[in-house]
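Chemist: 3D model of this:
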Amino acid sequence: MMKRIILSVIAVCVCVSAWGAEGDYITFRMNDTQHSEVSYAVGQQVDRLVFSAGKLLVQKGQQVVKSFDQAALGRLYFTSTPTAITLPTTAETTTEGLVYGLDGTLRGNASQIKTLPKGVYILRQGNVSHKIIRK
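Modeler: This next block holds a predicted model:
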């Protein structure tokens with residue numbers, strides 16, 4: 001228990017000191033067998049990390065964007081480019097944007113995501129891009 005508290009405090013200190021300019025990304029790596037990751041744009045998608053009752057809450061203002069069980073979270077790190085799958089909000093997936101295949105070909109617009117075959121796609125909306133997995 002004490003180890004988890006100390007690690008949480010260290011993580012908060014690292015986040016506060018490293019969380020600088022907007023446009024950087026924070027990436028969370030899970031302890032699962034695939035070491036799955038998710039990235040968020042700092043300042044644009046998230047601006048706060050809160051540790052509460054064994055959970056790490058990723059927030060934009062007071063709204064919780066994502067909640068992670070601390071035991072399931074392997075590590076978090078900052079990068080200048082997203083290195084993982086990002087999770088768009090419901091509003092982002094319903095607003096107009098363009099969907100590209102991984103080979104760079106235009107596959108349609110955001111409203112057509114559900115009609116695409118299973119696979120990985122890039123959703124581009126203005127100057128924001130999300131990697132999306134269609135299962």
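Chemist: so which strand or helix has the most centrally placed residue in the chain?
Modeler: The centroid of the chain falls nearest to S39 when counting by C-alpha atoms, centre = their mean (3.0 Å). In the assignment (DSSP states H and E), S39 maps to strand 37-41.
Chemist: helix or strand next in line after the lowest-mean-pLDDT helix or strand in the chain, which one?
Modeler: The helix or strand of the chain with the lowest confidence, counting by mean pLDDT, DSSP states H and E, is helix 90-94 at a mean of 48. Of the helices and strands lying after helix 90-94 in sequence (DSSP H and E), the nearest is strand 98-101.
Chemist: show me how far that next one is from its chain's centre.
Modeler: Per C-alpha atoms, centre = their mean, to the nearest Å, the displacement of strand 98-101 from the mean C-alpha position of its chain is 19 Å.
Chemist: what does stretch 103-115 give?
Modeler: That offset, for stretch 103-115, works out to 21 Å (C-alpha atoms, centre = their mean).
Chemist: next, the buried residues of it.
Modeler: Within stretch 103-115, the residues that count as buried by 16 or more other C-beta atoms under 10 Å are R107, A110, I113. Every C-beta, even on glycine, is put in place using the N, C-alpha and C of the backbone.
Chemist: return the closest of the residues you listed with respect to T33.
Modeler: I113 (27.1 Å; C-beta to C-beta).
Chemist: so what's the residue count around the residue lying closest to the closest one once chain neighbours are set aside?
Modeler: Closest residue to I113 apart from its sequence neighbours, by C-beta to C-beta, 6 or more residues apart in numbering: V99 at 5.9 Å. Using other C-beta atoms under 10 Å, V99 has 21 neighbouring residues.
Chemist: show me where this structure has its strands.
Modeler: Along the chain, counting by DSSP state E, strands occupy 25-30, 37-41, 48-52, 55-60, 63-69, 73-79, 98-101, 106-109, 119-125, 128-134.
Chemist: please save the CA atoms from stretch 100-118 in PDB.
Modeler: The C-alpha trace of stretch 100-118 is given here as PDB (Å, rounded to 0.1, in the frame of the first residue of the first chain):
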ATOM      1  CA  TYR A 100      -8.100   7.700 -43.900                       C
ATOM      2  CA  GLY A 101      -6.700   4.200 -44.100                       C
ATOM      3  CA  LEU A 102      -3.300   3.500 -42.800                       C
ATOM      4  CA  ASP A 103      -2.000   3.600 -46.300                       C
ATOM      5  CA  GLY A 104      -3.100   7.300 -46.500                       C
ATOM      6  CA  THR A 105      -6.100   6.800 -48.800                       C
ATOM      7  CA  LEU A 106      -9.300   8.700 -48.000                       C
ATOM      8  CA  ARG A 107     -12.000   6.200 -46.900                       C
ATOM      9  CA  GLY A 108     -14.900   8.600 -46.200                       C
ATOM     10  CA  ASN A 109     -16.100  11.000 -43.500                       C
ATOM     11  CA  ALA A 110     -16.600  10.700 -39.800                       C
ATOM     12  CA  SER A 111     -20.300   9.800 -40.200                       C
ATOM     13  CA  GLN A 112     -19.300   6.700 -42.300                       C
ATOM     14  CA  ILE A 113     -16.900   5.100 -39.700                       C
ATOM     15  CA  LYS A 114     -19.500   2.500 -38.700                       C
ATOM     16  CA  THR A 115     -19.800   1.300 -42.300                       C
ATOM     17  CA  LEU A 116     -16.100   0.700 -42.800                       C
ATOM     18  CA  PRO A 117     -14.600  -2.800 -42.600                       C
ATOM     19  CA  LYS A 118     -12.800  -3.900 -39.500                       C
END
